[in-house]
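**Q** coords please:
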Amino acid sequence: MKYFVLIGCMSICAMAHASISINFDSQVNADITTFTGGTGYPQTGGMVTISGIDHQLAVTAGGKTGSMFFVNETKTVPINLFGIMEVYTLINSTFGSFGAINGKVEVHGTGGLLDTFTLTQGINIRDHFAGPFNNVATGLNGTLPYQTGVRFDQQKFVLSSAFHSATLTEIRFIGENNFGSNGNPMLQSLNLRAVPEPASMVVLGLGLVALVRRKSRVR
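**A** Numbering: from 1, shown residues only. Now for the predicted structure:
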């Protein structure tokens with residue numbers, strides 16, 4: 001009984017923390033398998049996991065692993081989901097100069113909510129390829145490297161608490177003065193994490209109480 005309750009709690013925790021994959025394939029404008037070292041990437045999209053977050057890779061119209069460039073332009077991805085607490089992205093660049101500002105990620109919500117996150121080379125974005133351009137990014141939330149020198153880097157953006165009780169309407173990816181060697185940002189995956197549902201939290205709490213009582217009896 002002790003082990004049954006523990007496993008049940010673990011299952012609920014995993015369900016409550018599951019990521020929500022957002023499809024933006026209609027805005028994909030590049031096949032990253034053709035980039036420098038790109039033959040090492042998954043060739044036809046698929047799923048990858050970084051730091052416990054599952055990512056459904058974007059795909060081109062031809063079924064190849066794709067990317068949405070947002071170079072000196074704004075790309076808007078509609079969301080319309082309630083109670084989002086975290087945003088996870090896979091964003092890298094072609095080229096990249098340490099300290100350069102590649103753009104920003106704007107998260108919009110009902111009631112005029114807006115959280116803005118800056119993409120800075122050396123902090124949370126870097127070149128997709130371990131080559132002569134910027135290879136440093138100290139603020140990443142995980143990396144998945146491949147033998148050909150390419151990688152997927154994961155960013156984690158924690159939203160203000162107001163989003164926990166509001167609808168996240170859209171996310172805008174804005175490129176700023178970043179054409180050329182300063183870094184051209186590109187998005188490969190977009191995932192969201194919602195606030196755990198109250199029902200799940202209640203069941204989880206009951207499971208934990210039962211586990212504590214069971215341990216008390218054993219003593």
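
**Q** need the contact list for the spatially most central residue of the chain.
**A** In the chain, the C-alpha nearest the mean C-alpha coordinate belongs to Tyr88, at 2.1 Å (C-alpha atoms, centre = their mean). Neighbour list for Tyr88: 19, 53, 55, 141, 154-157, 189-193 [criterion: C-beta atoms under 8 Å, 6 or more residues apart in numbering]. For the C-beta atoms, the positions are set from N, CA and C on the backbone; glycine is no exception.

**Q** tell me which element it falls in.
**A** Under the criterion of DSSP states H and E, Tyr88 resides in strand 84-94.

**Q** where do the strands sit along the chain?
**A** Using DSSP state E, the strands of the chain run over 19-21, 30-31, 47-50, 53-56, 66-69, 74-82, 84-94, 101-109, 113-120, 143-145, 151-158, 167-175, 184-194.

**Q** got the domain boundaries for the chain?
**A** Structural domains assigned to the chain are 1-17+197-219, 20-195, following automatic domain parsing.

**Q** From these, pick the one with the highest average neighbour count.
**A** Mean neighbour count (mean count of other C-beta atoms under 10 Å) peaks for domain 20-195 among the domains of the chain, with a mean of 18.

**Q** related to what we said a few turns ago, could you tell me the least trusted of the domains of the chain?
**A** Within these, confidence is poorest for domain 1-17+197-219, with a mean of 47 (mean pLDDT).

**Q** circling back: in a markdown table: the contacts of Tyr88, plus distance to Lys75.
**A** Formatted as a markdown table, the contacts of Tyr88 follow (distance: C-beta to C-beta, whole Å):
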| residue | distance to Lys75 |
| --- | --- |
| Ser19 | 21 |
| Ile53 | 21 |
| His55 | 18 |
| Asn141 | 21 |
| Gln154 | 19 |
| Gln155 | 16 |
| Lys156 | 20 |
| Phe157 | 16 |
| Ser189 | 14 |
| Leu190 | 11 |
| Asn191 | 16 |
| Leu192 | 17 |
| Arg193 | 21 |
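
**Q** could I get the strands of the chain as JSON lines with distance to Gly131?
**A** Shown next, in JSON lines, are the strands of the chain (distance: least, C-beta to C-beta, whole Å):
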{"stretch": "strand 19-21", "distance to Gly131": "30"}
{"stretch": "strand 30-31", "distance to Gly131": "18"}
{"stretch": "strand 47-50", "distance to Gly131": "21"}
{"stretch": "strand 53-56", "distance to Gly131": "23"}
{"stretch": "strand 66-69", "distance to Gly131": "17"}
{"stretch": "strand 74-82", "distance to Gly131": "26"}
{"stretch": "strand 84-94", "distance to Gly131": "10"}
{"stretch": "strand 101-109", "distance to Gly131": "17"}
{"stretch": "strand 113-120", "distance to Gly131": "19"}
{"stretch": "strand 143-145", "distance to Gly131": "13"}
{"stretch": "strand 151-158", "distance to Gly131": "11"}
{"stretch": "strand 167-175", "distance to Gly131": "21"}
{"stretch": "strand 184-194", "distance to Gly131": "14"}
